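Chemist: I need the structure of the sequence given here:
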Amino acid sequence: MSQTILIEPNEDLKKLYSINLHTFVGTDIIQRQNAEDTIELLKILPQVSLIITPARMNGIEVALKIHHFIKEENLETSMIVLGDCKPLVNEVTCLKEPVNWESLIRQAAQILGVSLKDSANKVRPDFIPVPVYYFYEIKKTPCDVFIRIKKGPYDYQFVKRIHSKDEFESADIKRYEDQGLKEFYVAKDYIQYFTTFVTNAIVQKLEREDLTLEDRILTTANAHEIVRDSIQVIGVDAASVELSHASINSMVKSVKNSPQVAQLLKFLFSNKISLAYQHCHMLALMCHYVLSKQSWYRQEHLETLSFVSFFSDITLKSNTQMQISTMRELAESNLTDEERQQVINHAKDAVELISSHPDANDYVKTVLIQSHGKLNGIGFEENPGEELHPLSKVFLVADAFVKILLNPAMPSSKKDILELLNLRFINPSYQKIIRALEQKFE
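Modeler: From the prediction side, this is the model:
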């Protein structure tokens, strides 16, 4: 699904634009307050397809500021400016005020490559964006694949780049990435066929016993991104169940045979592995180590915590959201109110989202909803109590450790991290878990 940043100070118009853009254009709306917030987001999400913004707010030339950043960073992000902005009239789409929301929808549809259907005046995408990482584990595709080329401020053309059954190498995909390509496009009638093909190819690879540890981690990381992308857009379906099952089993294999933490971190950071999977893999590894020190440990405990690690951040959209682990960090973040609410509710929302997954048993749901120390899955508990499930306690401590470890602004010394954990988790059972972690780094 494409992503659109919307800046609109009028709350009623914001709701009107958001619901119609999402319903009719099929784009994921990210709300921002001003140019500064938008630019900060573009620094971490350069693949955003479209920005809709007033020309100016409170005397500030919002559109010009954002456009300058886009040009400076050579981004492919398009803009629709609401109101008169003479310097940009030949650069972007400008709509005169008062803006007719139907005109806005039509312009957004044209820019994002979707078309109006006369029967219901509803927009459906002709081409579906597919992130580049879908192509990492395949050598051919079952259908033609396109790239999107900007012909003018209001016009895009879809050009065939990979023909059905053409064979290609990873180096070919990397060349596209090196040129700044973030996503290919597949015709809407073939998208299900394409995703099923990719899913089957990755599952077959993950089930192989001869994969090197590095190849297994890279392939599982790619699968994790595909599952996240798929479930966020269409929910749990047969393909995402199959791919997530194979991915979690593969992750369990790899954490059991994982190298030392320092060596693993070097590998994770030296490759194009998302923060989401870096967190997921390290979390499963730390859970595995703590579990191995418990007298009550059984194999299904690792499977449960690996499943929770895989899906714990499934509803979050940005790295900033994923790095938050306390209410204080949330309050100090520059997230919008909507994004803060996503963080506050994401444990509860994750349980609801994956409840139809056949592997989401009662233990999984319990640990997932308690994954931030709250029994109802809402918010973060600063000092988690003894009433939580034992596996939830292991997850909480491991999650806090990994988030500090992956945050460049936090201490990197294992000793310093453990001291921070001791200050936060003061109840006896949590202290016991921290002592188990200390043994790993002595």
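
Chemist: Only alpha carbons, please: show stretch 94-112 as CSV.
Modeler: C-alpha atoms of stretch 94-112 as CSV (Å, rounded to 0.1, in the frame of the first residue of the first chain):
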residue,chain,number,x,y,z
CYS,A,94,-1.6,22.9,-7.0
LEU,A,95,-5.4,23.1,-6.2
LYS,A,96,-7.1,26.4,-5.8
GLU,A,97,-9.0,27.2,-2.6
PRO,A,98,-11.6,26.4,-1.7
VAL,A,99,-10.5,22.8,-2.4
ASN,A,100,-13.1,20.4,-3.6
TRP,A,101,-12.4,17.1,-1.9
GLU,A,102,-13.5,15.1,-5.0
SER,A,103,-10.9,16.9,-7.1
LEU,A,104,-8.3,16.2,-4.4
ILE,A,105,-9.2,12.5,-4.6
ARG,A,106,-8.9,12.4,-8.4
GLN,A,107,-5.5,14.1,-8.4
ALA,A,108,-4.2,11.8,-5.7
ALA,A,109,-5.5,8.8,-7.7
GLN,A,110,-3.7,10.0,-10.8
ILE,A,111,-0.4,10.6,-9.0
LEU,A,112,-0.5,7.2,-7.3
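
Chemist: burial of Val343, as a residue count?
Modeler: By the criterion of other CB atoms under 10 Å, Val343 has 26 neighbours. In short, each C-beta sits where N, CA and C put it, glycine included.

Chemist: OK, contacts around it?
Modeler: Leu316, Gln321, Ile324, Leu330, Leu335 (CB atoms under 8 Å, 6 or more residues apart in numbering).

Chemist: now the strands for the stretch 101-250 of the chain?
Modeler: Under the criterion DSSP state E, counting those that start in this stretch, the stretch 101-250 of the chain contains strands at 114-117, 122-125, 127-131, 145-152, 155-162, 183-187.

Chemist: Kindly indicate the member of the contacts of Val343 with the most neighbours.
Modeler: Highest count within those by other CB under 10 Å belongs to Ile324, 23 neighbours.

Chemist: mind listing the helices for the stretch 1-150 of the chain?
Modeler: With DSSP state H, counting those that start in this stretch as the criterion, the stretch 1-150 of the chain has helices at 11-20, 35-44, 62-72, 101-111.

Chemist: Just send those helices back as TSV, with distance to Met251 and mean pLDDT too.
Modeler: Formatted as TSV, the helices of the stretch 1-150 of the chain follow (distance: least, CB to CB, whole Å; pLDDT from 0 to 100):
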stretch	distance to Met251	mean pLDDT
helix 11-20	36	78
helix 35-44	25	90
helix 62-72	37	94
helix 101-111	38	86
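
Chemist: Nearest to Phe127, out of the ones you listed?
Modeler: Closest of the helices of the stretch 1-150 of the chain to Phe127 is helix 101-111, at 12.2 Å (criterion: CB to CB).

Chemist: Buried residues in the closest one, which are they?
Modeler: Neighbour counts over helix 101-111 (16 or more other CB atoms under 10 Å) mark Leu104, Ile105, Arg106, Gln107, Ala108, Ala109, Gln110, Ile111 as buried.

Chemist: Walk me through the domains of the protein.
Modeler: Under the assignment automatic domain parsing, the domains of the chain span 3-124, 126-189, 207-441.

Chemist: what ranges of the chain fall below the confidence cut-off?
Modeler: 1, 12, 23, 115-125, 152-155, 233, 259, 441-442 (pLDDT under 70).

Chemist: Just give the nearest non-adjacent residue to Asn20, would you?
Modeler: In space, not counting the residues next to it along the chain, Asn20 is nearest to Ile105; the distance is 5.5 Å by CB to CB, 6 or more residues apart in numbering.
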